[in-house]
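Colleague: Test case, fold it:
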Amino acid sequence: MLNLIILIFVVGYLAIALEHPLKINKSGAALVMGILIWTLYKVFWPGAAVESELGHHIEGISGILFFLMGAMTIVEVVDAHDGFNLITNRIKTRSKIRLLWIISILTFFLSAVLDNLTTAIVMVSLVRKIVEEKEQRLFYAGMIVIAANAGGAWSPIGDVTTTMLWIGGQVTTLNIVTSLIIPSVVCLAVPLVYVTFFERKMLSGELKPMDKKSISKENLVIFCLGIGGLLFVPVFKQITHLPPYIGILLMLGVIWLAADIIHRKKDADDRAKYSASHALMKIDMSSILFFLGILLGVAGLESLHVLEELSAWLDQTLGNQDLIVVLIGLLSAIVDNVPLVAATMGMYDLSAFPADSKLWEFIAYCAGTGGSVLIIGSAAGVAVMGIEKIDFIWYLKKMSIIALLGYFAGAGTYLLLYPMMH
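Modeller: Got it, this is the predicted structure:
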């Protein structure tokens, strides 16, 4: 029966990957796959505490989904107030290649301060204001995914897997920053250089001159509240030790009230288009349900110890620890990196591999950046996929090789630098 469950996951994954040729919605396929796995688990393992395990996973999954909904709604409220014009007004370049570098570098560092998911949402929304051509905009979106995941890997609050290792005591703040920032920079630099020299035709031509739009005081207040609120979320988490989704919902409530107060004297129609209620109707709920289905399926495999057994099999078969970690990173492009890292944390004891060991640092890099190889391999990728309606096959053809080059280049850089830094 375990083989049947694995088969359901594989078939579901293929249905997601072949969404357009099959003409089916990936969200429906993901939900059927995830729920079937838990249903079979309950039916054929009646003695297991399935409800308890499902409740435990739902707690974590709902936190991610609430965070995603809150961040996307805040971005939509800022967008409704033309807040991103504050940034676009300062981008003077008309070169599409130069813009790609500016956007990618900005994404890289912003994702370390916020997190890769929120940053990807903000930056894709920004690009939508600047680049008109759909195909070129998808290329920018793909590079944003790579940059966001690379930037999140070297910060304890930049990626959920690095945060897991940080909270679990496997890594410390200063060490993870100093050890991984150079490999992460290489992970982004290699794709940027590759695109600059080998994909110039894709980004040929110049951007149209952008009209400098005025920013009212009202719009400036909403922009500062929105971006400031997103920046405040990791601070809130550090101070209160509450989950990040509590912080994002708090800031959503603040910006919701602020928008209502600012526009309270306008007529009902004008108030409505600036409100968070209207923004909630504009976010892509289909993508959120897709994320729910994927995470449910992976959680089911985790509860059935499939991922743990896979990690143990890799350990016994390959033997080379560095190679295993590299493969775990690549595997995180197929299944969510959170349970993979959780399984790895369960396999290796802190007494054998103390804090800031090579194993933990390398896992933080590989699990954080390996998800860029496929569009559904990271939370940032899933969010961007929903916002820009990126086709799985398009990303596979256009971006996966570029992301793979960066991933291996950064991994090689870490292995080369490790003896010098320790």
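
Colleague: element containing the most centrally placed residue in the chain?
Modeller: Centroid check for the chain by Cα atoms, centre = their mean gives Ala380 as the closest residue, at 2.2 Å. Assigned by DSSP states H and E, Ala380 falls within helix 379-388.

Colleague: Now that helix - C-alpha only, CSV.
Modeller: C-alpha atoms of helix 379-388 as CSV (Å, rounded to 0.1, in the frame of the first residue of the first chain):
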residue,chain,number,x,y,z
ALA,A,379,7.7,28.9,-1.7
ALA,A,380,9.0,31.9,-3.7
GLY,A,381,8.7,29.9,-7.0
VAL,A,382,5.1,28.8,-6.2
ALA,A,383,4.1,32.4,-5.4
VAL,A,384,5.7,33.8,-8.6
MET,A,385,4.2,31.0,-10.6
GLY,A,386,0.8,32.1,-9.3
ILE,A,387,1.3,35.8,-9.8
GLU,A,388,2.7,35.6,-13.4
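
Colleague: Helix or strand next in line after it, which one?
Modeller: helix 392-398.

Colleague: end to end, how far does stretch 88-96 reach?
Modeller: This stretch, stretch 88-96, spans 14 Å end to end (Cα to Cα, to the nearest Å).

Colleague: next one: the helix holding Ala380 to chain centre, how far?
Modeller: 8 Å (Cα atoms, centre = their mean, to the nearest Å).

Colleague: Which neighbouring elements make contact with that helix?
Modeller: Counting contacts by 3 or more Cβ pairs under 8 Å, 6 or more residues apart in numbering; DSSP states H and E, helix 379-388 packs against helix 50-80, helix 116-130, helix 134-153, helix 285-303, helix 392-398. Just so you know, the C-beta spots here come from the backbone N, C-alpha and C atoms, and that holds for glycine as well.

Colleague: Comparing those, which comes out most buried?
Modeller: helix 134-153 (a mean of 27; mean count of other Cβ atoms under 10 Å).

Colleague: which other helices and strands contact that one?
Modeller: Using 3+ Cβ pairs under 8 Å, 6+ apart: helix 134-153 touches helix 96-113, helix 116-130, helix 173-198, helix 358-369, helix 379-388, helix 392-398, helix 400-421.

Colleague: if I pick Ile35, what's in contact with it?
Modeller: 293, 296 (Cβ atoms under 8 Å, 6 or more residues apart in numbering).

Colleague: cool, and Val185?
Modeller: 108, 150.

Colleague: And Asn116, by the same measure?
Modeller: By Cβ under 8 Å, 6+ apart, Asn116 lies in contact with 148-149, 151-152, 158-159, 368, 378-380.

Colleague: and it, how far is that from Ile144?
Modeller: From Asn116 over to Ile144 the distance is 10 Å, taken as Cβ to Cβ, to the nearest Å.

Colleague: cool, and Leu4?
Modeller: From Leu4 to Ile144 the distance is 38 Å (Cβ to Cβ).

Colleague: Same check on Ile58?
Modeller: Distance from Ile58 to Ile144, by Cβ to Cβ: 30 Å.

Colleague: which intervals of this structure have sub-threshold pLDDT?
Modeller: 20, 205, 207-213, 311, 336, 338-339, 346-347, 349 (pLDDT under 70).
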